[in-house]
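Student: Show me how the following folds:
(chains A and B)
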Amino acid sequence: MIVAEQKPIDEIKEMAAPYRKLLVLGCGTCVQTCFAGGEEEVATLVSTLRLAAKVDGRDIEVEGLTVERQCEDEFIQEAAESIARNEAVLSLACGAGVQAIARRFYHTPILPGVNTTFIGVLEKQGLFTEECLGCGNCELATFNGICPIARCAKKLLNGPCGGSRDGKCEINPETDCAWQLIYDRSKALGKLDNLKAYRPARSWQASSAGGPRRLVREDHII
Amino acid sequence: MNPEPVSRLEQILKQGEFAVTAECGPPRGANADVIREKGELLKGFVDAVNVTDNQTAIVRMSSIAACVHLEQMGLEPVMQMVTRDRNRIALQSDILGAYSLGIRNILCLSGDHQTFGSQPEAMNVFDIDSMNLLHMVRTMGSEGTDMSGFELDEAPHMFIGAVANPFADPFEYRVIRLAKKIEAGAEFIQTQCVYNTERFKEWLRMAREQGLTEQVHILAGITPLKSANATRYMATKVAGMDIPDDIIKRIAGVPKSQAAAEGIKLCLETIQELRELEGIHGIHIMAIESEDKVGEIVEEAGLLPRPVVEV
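Tutor: Okay, here's the model as predicted:
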């Protein structure tokens, strides 16, 4: 999923300050799963903003709504009426959702309420970890199911650096060394040979380095 | 590789001499005298001087420029180059430029992560890794082409080095990685500082068994310990460092004023032990901001005079 984290309340208040009618718009997919921008977070944020306005003596109307997915037009339409009666939208969706709303509602200011962080998983309760960089050319078969591009701090594809110690990454003792994981799993699978061959320099053309990406599906074009 | 040695360091290693190199960190400023003063301290005591490339991700005078300053005073530099700050385009360009300025030795590394440095907010590059950098330099020299296959007007023939850290994990992969570096183009290896000699010997034994010590010149890393506090700091805070407890106890066990002398004594014992090992062709002294101690270590170790060779 796309993992996001709600922005600090002070930053949200500052962004929202110029508006007297605000819609807090949640998204029911990724950001709901990672507790950053789903129905519950919308309800909490609406109350917090109302309360804060009251304390500051400001007259402000805050409305809340959550749609299934802010990145899809079909669901965005459900928010059209609410958006029309507000001055601005505070979107709790990922960066893609925020921009999809901005594209659809050209004359309404759209504010981001979360920081989109990474494509990851819930490793355990309360801990999300990054697993994928969306590099555009998946090599997980070679690395036996663990991605060094997303999970090695130096994106090393030819083995661990000299800072791998006791299974941890040198830059953060809380972070697993991706190469220790790759080595252990490859050994368990009897596939260490994958890691012995020299890997030539990688092409980053399919990644964001090649500029904003477009995916054309001829078979879906009407 | 190249039949004719391209540098004095290569010549010395090829003729079977026990080589001595030392590290020299460029200044955090534009004052070339700092590098010249360090160079003076090393002159006559070492065969080549490694110049670090923004080590620990702290901005310093560029390795290329500092190499040229050393070269002008008759010292042979080993230009260190990391893949952290430059993409393949910049790396290739700098290698061509360095060669044009007379630099003939290169040490290829991925580099300390920028979060350790003074500007952790910086973006890193890591377009290619140290393995790919080795391969790139070798191909530029042997094939005379850049990474796109374009034929270069003049090929840079360099003596190519890499690093190895036998003390990092996973241990068994360390020898695989050494083999890969040799395959990619490494002709000499400079290792992490050796304090845990048992582990080092085990790594070397595994490398020997695979015939790797016949294919590459390994120079073992040496760093004199200065004080008990510095030793503890290195043991716990410096990434990739392995200092066994008995070494920490030994340095902490002497009066403060004698700790540095004890550190030198330990270096000399380690050098003696390393010299006996089959497959060790030299030492690389990393006396960080103690370049004045290098001469003493080399002399006391009985490694003077250094051989005179012409390339």
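Student: Break down chain A into its helices, ranges please.
Tutor: A:9-16, A:30-33, A:39-56, A:73-76, A:80-84, A:95-104, A:148-151, A:178-188 (DSSP state H).
Student: Just give the nearest non-adjacent residue to the residue in chain A that chain B sits nearest to, would you?
Tutor: Here chain A gets closest to chain B at one residue, residue A:162, 3.2 Å apart by C-beta to the nearest C-beta. Bear in mind the C-beta positions are built from the backbone N, C-alpha and C, glycine included. Closest residue to residue A:162 apart from its sequence neighbours, by C-beta to C-beta, 6 or more residues apart in numbering or on different chains: residue B:165 at 3.2 Å.
Student: Pretty sure the one you found sits against residue B:173.
Tutor: No: between residue B:165 and residue B:173 there is no contact under C-beta atoms under 8 Å: 11.1 Å.
Student: In contact with residue B:217, which residues?
Tutor: Shown in contact with residue B:217 (C-beta atoms under 8 Å, 6 or more residues apart in numbering or on different chains): B:13, B:19, B:187, B:188, B:189, B:281, B:282.
Student: The last one: how many residues sit nearby?
Tutor: In other words, residue B:282. Other residues lying near residue B:282 total 23 when counted by other C-beta atoms under 10 Å in any protein chain shown.
Student: Would you mind giving both backbone torsions of it?
Tutor: phi 170, psi 180 (degrees, to the nearest 10).
Student: Could you dump the helices of chain A into TSV and include mean pLDDT?
Tutor: Output for these, formatted as TSV (pLDDT from 0 to 100):
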stretch	mean pLDDT
helix A:9-16	97
helix A:30-33	97
helix A:39-56	96
helix A:73-76	95
helix A:80-84	97
helix A:95-104	97
helix A:148-151	98
helix A:178-188	97
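Student: In a markdown table: those, plus distance to chain B and mean neighbour count.
Tutor: What follows is those, written out as a markdown table (distance: least, C-beta to the nearest C-beta, whole Å; neighbours: other C-beta atoms under 10 Å in any protein chain shown):
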| stretch | distance to chain B | mean neighbour count |
| --- | --- | --- |
| helix A:9-16 | 18 | 15 |
| helix A:30-33 | 25 | 22 |
| helix A:39-56 | 29 | 15 |
| helix A:73-76 | 33 | 14 |
| helix A:80-84 | 36 | 13 |
| helix A:95-104 | 18 | 19 |
| helix A:148-151 | 10 | 22 |
| helix A:178-188 | 5 | 20 |
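Student: Distance to residue B:114 for these - can I get that in a markdown table?
Tutor: As requested, the helices of chain A are exported to a markdown table (distance: least, C-beta to C-beta, whole Å):
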| stretch | distance to residue B:114 |
| --- | --- |
| helix A:9-16 | 26 |
| helix A:30-33 | 29 |
| helix A:39-56 | 33 |
| helix A:73-76 | 39 |
| helix A:80-84 | 42 |
| helix A:95-104 | 24 |
| helix A:148-151 | 18 |
| helix A:178-188 | 18 |
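Student: Figure out which of those is closest to residue A:2.
Tutor: Smallest distance to residue A:2 across these (C-beta to C-beta): 4.1 Å, for helix A:30-33.
Student: so residue B:53 makes contact with residue B:83?
Tutor: No: assessed by C-beta under 8 Å, residue B:53 is found out of contact with residue B:83, at 9.8 Å.
Student: Can you name the residue of chain B nearest to chain A?
Tutor: Closest approach between chain B and chain A, counting by C-beta to the nearest C-beta: residue B:165, at 3.2 Å.
Student: What is the burial count for that residue?
Tutor: By other C-beta under 10 Å, the residues close to residue B:165 number 23.
Student: can you pull the pLDDT of it?
Tutor: Note for residue B:165: predicted pLDDT of 97.
Student: Return the residues in contact with it.
Tutor: Contacts for residue B:165 (C-beta under 8 Å, 6+ apart) come out as A:162, B:174, B:191, B:192, B:240.
Student: per the record, what domains does chain A have?
Tutor: As assigned by automatic domain parsing, chain A contains the domains A:2-117, A:136-199.
Student: Look up how far residue B:239 lies from the residue of chain A closest to chain B.
Tutor: 7 Å (C-beta to C-beta, to the nearest Å).
Student: And residue B:122, by the same measure?
Tutor: 18 Å.
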